[in-house]
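Novice: Next one to model:
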Amino acid sequence: MTDRPDLSNLPSYRQPRRSVFSARKFALMASVVAGLGAAVYGFSPSTSPADLFSSPAHAQVNNEVRKVERPVGFADIVERVKPSVISVKVNIKEKTASNDDGDDSSAPFQPGSPMERFFRRFGGPDGFPGLKGGRGRVVQGQGSGFFISADGFAVTNNHVVDGADKVEVTTDDGKTYTAKVIGTDQRTDLALIKVEGSSNFPFAKLADAKPRIGDWVLAVGNPFGLGGTVTAGIVSASGRDIGNGPYDDFIQIDAPVNKGNSGGPAFDTNGEVMGVNTAIYSPSGGSVGIAFSIPASTVKSVVAQLKDNGSVSRGWIGVQIQPVTSDIADSLGMKKAEGALVAEPQANGPAAKAGIESGDVITAVNGESVKDARELARTIGGMAPGATVKLNVLHKGQDKVVNMTLGQLPNTVEAKADNDNDSGKGASKGTDVPKLGMTVAPANSVAGAGKEGVVVTEVDPKSAAAERGFKEGDVILEVGGKSVATAGEVRDAINMARTDNKNSVLMRVKSGGQSRFVAVPLAKG
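Specialist: Numbers count the residues shown, from 1 in each chain. Okay, here's the model as predicted:
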């Protein structure tokens, strides 16, 4: 038998792997036994579940999770401001009774009136809950509001309490109080009410700073009768005109606002009221992410007057104004389409007495530029009657300064439609105005048209005149800044504008008792 050579002295020599394998096998078996032991121990009746996570590795993971920053929420702000918000409930007695024949189809409010719109927005499925079934019923509505002082003064919307026989409010802690309407302002849709029963109500502060687009906003109110509801969103836009009136200057928000939120506050992240929620845009009747709030700056000025006087007095210059469009600016030789165009000064009004005429453009008030007609209305309306103002006016191409004392804005609109205008009845066929697509006749030849200007007797529906809104019966008073009484004078004024290389000619038109300026484009050639 051959002896096995001795390899232990060689550099590459290694011990046989059998012993290593045995050691690893032993270690594996030991770990299995230990694991079984741990399992038995972990689920023994005397062991707490917390012992399963008491190892250093688990403790380290839990500590790391605790260090992760939590998402920012609004709970702290809501906790602070929510007690100042109230739910408002109103009762209104029927204004009309059933007919003798039992017909209850007549509505208690005129179609289109503020109360009719209110109940269409806040009523039941039929708009007017409780009206059917005979006389003597009481209509109920609901909205929101918020305290602005500890002694119980609160703000809500005019359309929430307008015409109410009884107003009740429910506070965040569930208590109910009777409230009295101190004053309302229909033009801004604001109302001030006074809640009796305590002198220590939690109240909110109206913000001084104007919100920026993109700022967070919290809406708190009473949607669908669910008082104390909080929703969040951002400021989507500012300076919105929703066709509610000349003082429209709404903040648009996307915080969900629904029926019953009207009159409730929109808070900023400082816990201050940036606006009062007053309207929603909704084809379906529910929130679609477009709601409108009255800015806090407007609320401050209106509420101060309501508290002192029960009503709001606004400055007034006595003019009918309209925006300056690009066509009108071109007709007047203006470089920019800005300012407010005076369509007609009211007889014996402050503007007429100060020498302002139709066709003038008001460009600044007390040195501050006027962007458009709405801004002029808000600026003048925000001043007190009797105040003296300085107006910059563009008069027949020349700048001038006019000083005047403001009057008080009338509560009713004095200008009424001319119902005697028979839209050309008794007029001759008229004379064609070339390239404008309409025929005109002297106003004194048309019954009910007056003695000034020319009456439009026919309009081509495919013409430039039709595109600009001219219709049969309109009275053209001026063309290119000159009074006209015949078709020939209209043609001469148009030819003059062409000679001056104008792209359009400005006409002053009276329609339905109201005057306006219309820029009509001139055909070339």
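
Novice: so Pro385 touches Ile317, yeah?
Specialist: No - in this structure Pro385 lies outside contact range of Ile317 using Cβ atoms under 8 Å: 10.7 Å. Backbone N, C-alpha and C define where each C-beta goes, glycine included.

Novice: Now do the shared contacts for the two.
Specialist: Common neighbours of Pro385 and Ile317 (criterion: Cβ atoms under 8 Å, 6 or more residues apart in numbering): 406-407.

Novice: More neighbours: these two, which one.
Specialist: Higher neighbour count among Pro385 and Ile317: Ile317, with 29 against 14, using other Cβ atoms under 10 Å.

Novice: any idea how far that one is from Val342?
Specialist: Using Cβ to Cβ, to the nearest Å, we find Ile317 at a distance of 9 Å from Val342.

Novice: For those two, list the residues in contact with both.
Specialist: Counting by Cβ under 8 Å, 6+ apart, the contacts common to Ile317 and Val342 are 351, 356.

Novice: Identify the residue nearest Gly355 in space, chain neighbours excluded?
Specialist: Val402 (6.4 Å; Cβ to Cβ, 6 or more residues apart in numbering).

Novice: residues touching the one you found, list them.
Specialist: 354-356, 390-391, 393.

Novice: Is Lys300 in a helix, a strand, or coil?
Specialist: With DSSP: H, G, I helix; E, B strand; the rest coil as the basis, Lys300 sits in helix.

Novice: List the residues that contact it.
Specialist: Each residue near Lys300 by Cβ under 8 Å, 6+ apart is listed here: Leu206.

Novice: quick one: it and Asn270, what's the gap?
Specialist: From Lys300 across to Asn270, the span is 16 Å (Cβ to Cβ).

Novice: looking at this, Leu306 is in a helix?
Specialist: Yes - assigned with three-state DSSP, Leu306 falls within a helix.

Novice: wait, doesn't it sit right on Ile193?
Specialist: No - applying Cβ under 8 Å, one finds Leu306 not in contact with Ile193, separated by 9.7 Å.

Novice: okay, the two: which has more neighbours?
Specialist: More crowded of Leu306 and Ile193, by other Cβ under 10 Å: Ile193, with 26 against 22.

Novice: check which helix or strand covers the more buried one.
Specialist: Assigned by DSSP states H and E, Ile193 belongs to strand 190-195.

Novice: now swap in Val402 and tell me
Specialist: Using DSSP H and E, Val402 maps to strand 398-405.

Novice: how about that strand: buried residues?
Specialist: In terms of neighbour count (16 or more other Cβ atoms under 10 Å), strand 398-405 has its buried residues at 402, 404.

Novice: Contacts for the following helix or strand past that strand, please.
Specialist: Remark: after strand 398-405, the chain's next helix or strand is strand 407-408, criterion DSSP H and E. Here strand 407-408 makes contact (Cβ under 8 Å, 6+ apart) with 313-318, 349-350, 385.

Novice: Any of those buried? List them.
Specialist: By neighbour count, with 16+ other Cβ under 10 Å, the contacts of strand 407-408 hold 314-318, 349-350 as buried.

Novice: Is Ile234 bridged to anything, and to what?
Specialist: For Ile234, the beta-bridge partners are Trp216 (DSSP bridges).

Novice: same deal with Phe292?
Specialist: Gln252, Ala279.
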